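Undergrad: can you look at this prediction? I've put the sequence above it.
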Amino acid sequence: MIYDHIKEAPQQQMEFASQLDDKILRIFSAASIVLGLLGLSTINVTGLKALLFLVPLIPYALTAFWTFSCIDPDRFHWAMRADQQPKSWDKEEEDVRNALIGEIGEAYSANESILGDKAKYTRHALIATAVEVVLVVAALVAYRLI
């Protein structure tokens, strides 16, 4: 009964991780578009104006860092199924089930911290992108006023 309840937990965690990866990639895409629009909106920028247009690169670089830190599939832990455990073929069904329950529990615990990191990186990337947008708007307004 316990096994039936938890056997899909690693798969559900992987789906959640995939959703977080999709979100952070969308955030990075939006940050790239905003920065690209800034680059298209100016032709000859020098002096102080050029500095204003370079400042948004800092939060963009942070967004890129957090995006690539978030997308790391090698760290995710999978629990083996009974047919993948070579030593399980000659064991009783109950022993195999208990071993799988332990392995699923270990994978679940390890993946929880990975999912927490992914959520944290996604939040940081979203905040950095918001700061980037504010800096881009400020640079454009200052460009028009200076």
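TA: Nice, thanks for sending it over.
Undergrad: give me the pLDDT value at the most centrally placed residue in the chain.
TA: In the chain, the residue lying closest to the centroid (C-alpha atoms, centre = their mean) is residue 70, at 3.5 Å. In the predicted model, residue 70 carries a pLDDT score of 86.
Undergrad: start at 503 instead
TA: Sure, I'll start numbering at 503, so the last one becomes residue 572.
Undergrad: neighbours of the residue nearest to it when sequence neighbours are not counted, just the number please.
TA: Nearest residue to residue 572, sequence neighbours excluded (C-beta to C-beta, 6 or more residues apart in numbering): residue 623, at 4.0 Å. (Each C-beta comes from the backbone N, C-alpha and C, glycine too.) Residue 623 has 22 neighbours, counted by other C-beta atoms under 10 Å.
Undergrad: what mean pLDDT would you report for whichever helix in the chain runs longest?
TA: Counting residues, the longest helix found in the chain (DSSP state H) is helix 595-647. Across helix 595-647, pLDDT averages out at 84.
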